[in-house]
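K.L.:
Quick one: sequence and predicted model below, then my questions.
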Amino acid sequence: MCYEYMGEIVHNSMVKRLALEAGLIQKHIAPFFDCTSSASQSWIRSSLKQLSSLTSLAKELLESNNNTCRTVVINLLASCYGNPDTLFELATLLKTGIVLPRNQLLAQEFTLVAASQGSVLGNLALAGASTQCPLQYAYHGKVSEQFLVQWRKATSEDLIAERVRLLHGDLPQQEGETDQVFQFLLMQANQGNADAQANVGRMYYWGQGGVERNMEEAFEMQHAAAIQEHPDALFDTGIMLMKGQGTEKNLTKARVYLEKAAKKGSKGAYGTLGYIELNERKNVSGAVHYFNMSHQLGDTDSTHNLAIIQSFYNAFHPDPYYAHTMFKLASERGHKDSTMVAAEQLIQGVHNRTGNCANAVKFMMLLSGQSNIVTRHMREAALEYQAGRYSSAALKYLVLAEAGEEMAQYNLAWLCQEFPDQIKYSIPACTVDYFSRSARQGYGPSQAYLANHLWNQKEYYESARWYAKAAENSVPEGLFGLGYFSQDGLAVGVVTLNSTSFYFGPQRNVSLTKELWYQCFQMGVEEAAVGCGLPLLWLTISSTPFTTVAMVLVPYRHLPTHSFLHTVAHYYNRAINSVLAGYTLLRFQGNECFIIFDLERHFSCECVTV
């Protein structure tokens, strides 16, 4: 028997038989799907025991709007044969009303069943929806445990892909082996360039940049670079020989390469030698010696291993909390096993200290957020976007967004904003809703979008606070937006920005606007220079006495290229589409007015009588 809550599929006797053969309990689905169309038995039967074929077929049918009922049946069958995430995909369609009739209750049932059967997306969705800390810990913990199992396997077919945020210029680096950057590196590697060989080897090893993992190719490249005494390649070759990845296991050769890497300053090499001392030679003191050397150099694995030795051997440190402190330190440095241990210790408590569920969840989220299942789905969505299949990309991002993946929420909102006429699915309030979800998870540009939206809705109180959050995340638009509140005299009370409180009352406060826009300008990026520098320049000039002419001649040809004045002048002149030269001199009614740029504070104008 496969699942307990699959529901009843009616009207089509062939579909009924297939459902029974797959072990489906028939209960709830019948009222929502039209299964009256005829279907051939062969196309389902031939795919019943081929999970990838089932999943691909379901997605193909869904994206082509070809027979909704068949799509549902195939997704159910795929879930029975080892892919419970297809159940969560159905839950997403039911929850949002995309393709299938909206049904929140059934969507929740499917999410629960998917999670109970090990769906990563289902568990993440339940964790995000829960307000109870122990449940959040349990859901994130289940995902984390699955991820660690996959991570430890590190087999060639387990793609570990990077997340890609649309609009940020990193998509060209995700095109795999056809990408120009990879092809250039490969050409250099084949010509014997050791740096290129090491880089290509790591791309093959980890599946970076869209390149499929290939341990044999990874070892060949790393070994070629190691022969040339490349420090990183010496270490990586030693590791692969020690583990038997891409080559036969050989501890003797591994130690030779690792000792060479250690002599060249490889922090990981010392730690690996410590691992060999502990596990092969059973020499605890020797292992601690190597681990300490590597730990001092910042090696994360050695920090973790010192905590392990202290936990099991109580060998070298009198502090009872030393192991826990080291686990947390290794976790902060990115060590996955330490993150799991630190979370477990925090939830249970350490040495008579009370457990801290909230902190335990934070550590567990660090681990569950790295799930290779999520990154693989993100990769598929990015490839659909690259191919111009925006509807398919939106659908894939939608499933991830409903699972709580922040970057998917942002990408979906951005797609709906940029390509509304090219996405065939009607996703309710897509842009506003998913930018808002992304903003609530702390992404600055989404917070700025939400602030702008609230401003347009005249919800100024909430808008100001979201602008402040965006500013705290180094988004220039956050400071720029706050400046308008003080410039226009919009009373929103006290707003806290980076632990500093600002009062926005009903009176215009030009000084505060200048302060905020100047902080924005100091961020240095082009968006800040243009978006805040020019308004600040105009505000400063327009707020000077009326005897000052409202035109500025800004000299920049004879100024240092990277000077503050040159930057403002450059963007000012670009904005008015003219090239101005001369001196910082204004003439009006017998006065010469000089623009003074106080690098510590603001712009000002001073006039002297001629």
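P.N.:
Now that the structure is in, tell me what you want to look at. Numbers count the residues shown, from 1 in each chain.

K.L.:
so where's the protein shaky on pLDDT?
P.N.:
Residue ranges of the chain with pLDDT under 70: 1-82, 154-162, 168-177, 314-318, 543-610.

K.L.:
any chance you could map the strands in the protein?
P.N.:
493-497, 500-504, 586-588, 591-597, 603-609 (DSSP state E).

K.L.:
got the residue ranges for the helices in the stretch 251-400 of the chain?
P.N.:
251-263, 267-279, 284-296, 300-313, 322-332, 336-348, 357-368, 372-386, 390-402 (DSSP state H, counting those that start in this stretch).

K.L.:
residues making contact with the last one?
P.N.:
When contacts are defined by C-beta atoms under 8 Å, 6 or more residues apart in numbering, helix 390-402 is touched by residues 62-63, 88-89, 91-92, 95-96, 98, 121, 125, 374, 377-378, 380-382, 384-385, 408-409, 411-412, 415-416, 419, 422-425, 427, 434, 437. C-beta coordinates here come from the backbone N, C-alpha and C atoms, glycine included.

K.L.:
of the residues you listed, buried ones?
P.N.:
62-63, 88-89, 91-92, 95-96, 98, 121, 125, 374, 377-378, 380-382, 384-385, 408-409, 411-412, 415-416, 423, 425, 427, 434, 437 (16 or more other C-beta atoms under 10 Å).

K.L.:
Keep only those of these that are in helices.
P.N.:
62-63, 88-89, 91-92, 95-96, 121, 125, 374, 377-378, 380-382, 384-385, 408-409, 411-412, 415-416, 434, 437 (DSSP state H).

K.L.:
got the buried residues for stretch 444-457?
P.N.:
Using 16+ other C-beta under 10 Å as the test for burial, stretch 444-457 gives 444-455.

K.L.:
Please apply the same query to stretch 245-255.
P.N.:
245-247, 254-255.

K.L.:
Most widely separated two among those residues?
P.N.:
Spanning the widest gap among the buried residues of stretch 245-255 are G246 and R255, at 18.0 Å by C-beta to C-beta.

K.L.:
The spatially closest residue to L273 that is not a sequence neighbour and L278: what is the separation?
P.N.:
Leaving out its chain neighbours, the residue that sits closest to L273 by C-beta to C-beta, 6 or more residues apart in numbering is Y290, at 4.8 Å. Between Y290 and L278 the distance is 9 Å, computed by C-beta to C-beta, to the nearest Å.

K.L.:
And for G349?
P.N.:
For G349 relative to L278 (C-beta to C-beta), the value is 28 Å.

K.L.:
More neighbours: the two, which one.
P.N.:
Per other C-beta atoms under 10 Å, whichever of G349 and L278 has more neighbours is L278, with 21 against 12.

K.L.:
what's near enough to touch that one?
P.N.:
Counted by C-beta under 8 Å, 6+ apart, L278 has contacts 284, 286-287, 305, 309.

K.L.:
Drop the exposed ones from these and show what's left.
P.N.:
284, 287, 305, 309.

K.L.:
if I read this right, the last one contacts N283, doesn't it?
P.N.:
No: with contact taken as C-beta atoms under 8 Å, I309 and N283 are classed as non-touching, separated by 11.5 Å.

K.L.:
Look up how far E145 lies from the residue nearest to G334 when sequence neighbours are not counted.
P.N.:
Closest residue in space to G334, ignoring its immediate chain neighbours: T300 at 5.9 Å, by C-beta to C-beta, 6+ apart. Plainly put, T300 is 20 Å away from E145 if you go by C-beta to C-beta.

K.L.:
Neighbour count: those two, which is higher?
P.N.:
Legend: neighbour count by other C-beta under 10 Å for T300 and E145, higher for T300 (21 against 14).

K.L.:
and that one, what is it in contact with?
P.N.:
Contacts of T300 by C-beta under 8 Å, 6+ apart are 330, 333-335, 338.

K.L.:
Using PyMOL, define a selection of the buried residues within those.
P.N.:
Applying 16+ other C-beta under 10 Å to the contacts of T300 leaves a buried subset, and the PyMOL line that selects it is:
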select buried, resi 330+335+338
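
K.L.:
Just put the contacts of T300 in TSV and tack on distance to T496.
P.N.:
Listed next are the contacts of T300 as TSV, based on distance: C-beta to C-beta, whole Å:
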residue	distance to T496
A330	34
R333	31
G334	31
H335	34
S338	34
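
K.L.:
Looking at the contacts of T300, which one is closest to A358?
P.N.:
A358 lies nearest to S338 out of the contacts of T300, by C-beta to C-beta, at 19.0 Å.

K.L.:
Quick check: that closest one vs L497, distance?
P.N.:
On the measure of C-beta to C-beta, S338 and L497 end up 35 Å apart.

K.L.:
Also L273?
P.N.:
Distance, L273 to L497, by C-beta to C-beta: 49 Å.

K.L.:
Looking at those two, which has the bigger crowd around it?
P.N.:
Ranked by neighbour count (other C-beta under 10 Å), L273 and L497 place L273 first, with 24 against 19.

K.L.:
nearest residue to L87 other than its sequence neighbours?
P.N.:
Computed as C-beta to C-beta, 6+ apart, the closest residue to L87 that is not its neighbour in sequence is A114, at 3.8 Å.

K.L.:
what residues are up against the one you found?
P.N.:
Contacts of A114 (C-beta under 8 Å, 6+ apart): 79, 84-85, 87-88, 91, 121-122.

K.L.:
before we move on, what about Q422?
P.N.:
Q422 neighbours (C-beta under 8 Å, 6+ apart): 390-391.

K.L.:
how does it look with 10 Å?
P.N.:
388-391, 394, 415 (C-beta atoms under 10 Å, 6 or more residues apart in numbering).

K.L.:
distance of it from C416?
P.N.:
For Q422 relative to C416 (C-beta to C-beta), the value is 10 Å.

K.L.:
Surely L516 touches F480?
P.N.:
Yes: counting by C-beta atoms under 10 Å, F480 is a contact partner of L516 at 7.7 Å.

K.L.:
Identify the contacts common to the two.
P.N.:
467, 471, 532, 536.

K.L.:
Can I get the residues you listed in CSV including neighbour count and distance to A196?
P.N.:
Shown next, in CSV, are the shared contacts of L516 and F480 (neighbours: other C-beta atoms under 10 Å; distance: C-beta to C-beta, whole Å):
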residue, neighbour count, distance to A196
Y467, 31, 45
A471, 27, 41
C532, 23, 41
L536, 22, 46
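
K.L.:
Tell me the one among those residues nearest to A491.
P.N.:
Y467 (15.1 Å).

K.L.:
Spit out the contact partners of the closest one.
P.N.:
447-448, 450-452, 454-455, 475, 477-485, 492, 495, 497, 516 are the contacts of Y467 under C-beta under 10 Å, 6+ apart.

K.L.:
From E477, how far off is it?
P.N.:
8 Å.
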